[in-house]
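Engineer: Below: sequence and its predicted model.
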Amino acid sequence: MNHTEWMPGMIEVKDSTGTKLGDTFRWKYKMAGVMFEGESTISEKIPNRRIGTHSKGVVTSDFLFLLDPQN
């Protein structure tokens, strides 16, 4: 999942340990001129259906991405 291609404000994603449950990646996000940095962990994964992440840093958040396979 390449966040910088489709998520407005995502500046950088690096240090990914992989794409399996429990793997992590670091990110930099800019909103209203303010830079935020943190680390996300893949907290849920059902191949081709959904991916969940838990993020911590200056901002703590949970995301759930619902996937709709196309061709």
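Structural biologist: Happy to help now that I have it.

Engineer: Name the helix or strand for Lys45, please.
Structural biologist: Counting by DSSP states H and E, the secondary-structure element that holds Lys45 is strand 34-46.

Engineer: Could you check that strand and say which residues are buried?
Structural biologist: Gly38, Ser40, Ile42, Lys45 (16 or more other CB atoms under 10 Å). Backbone N, C-alpha and C define where each C-beta goes, glycine included.

Engineer: Also stretch 11-27?
Structural biologist: Neighbour-count burial for stretch 11-27, counted by 16+ other CB under 10 Å, picks out Val13, Phe25, Trp27.

Engineer: swap in stretch 47-63?
Structural biologist: Going by 16+ other CB under 10 Å, stretch 47-63 has these buried residues: Ile51, Gly52, Thr53, Ser55.

Engineer: Looking at those residues, which are in strands?
Structural biologist: Assigned to strands by DSSP state E, the following of the buried residues of stretch 47-63 qualify: Ile51, Gly52, Thr53, Ser55.

Engineer: Redo those as CSV? Include distance to Leu21 and pLDDT.
Structural biologist: Listed next are these as CSV, based on distance: CB to CB, whole Å; pLDDT from 0 to 100:
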residue, distance to Leu21, pLDDT
Ile51, 10, 94
Gly52, 9, 97
Thr53, 11, 96
Ser55, 16, 95
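
Engineer: out of those residues, what pair is the most spread apart?
Structural biologist: Farthest-apart pair in those is Ile51 and Ser55; separation 12.9 Å (CB to CB).

Engineer: Show the contacting residues for the spatially closest residue to Gly52 that is not a sequence neighbour.
Structural biologist: Leaving out its chain neighbours, the residue that sits closest to Gly52 by CB to CB, 6 or more residues apart in numbering is Glu44, at 3.1 Å. Residues counted as contacts of Glu44 (CB atoms under 8 Å, 6 or more residues apart in numbering) are Leu21, Arg50, Ile51, Gly52, Leu64.

Engineer: Return the member of the buried residues of stretch 47-63 nearest to His3.
Structural biologist: Thr53 (9.8 Å).
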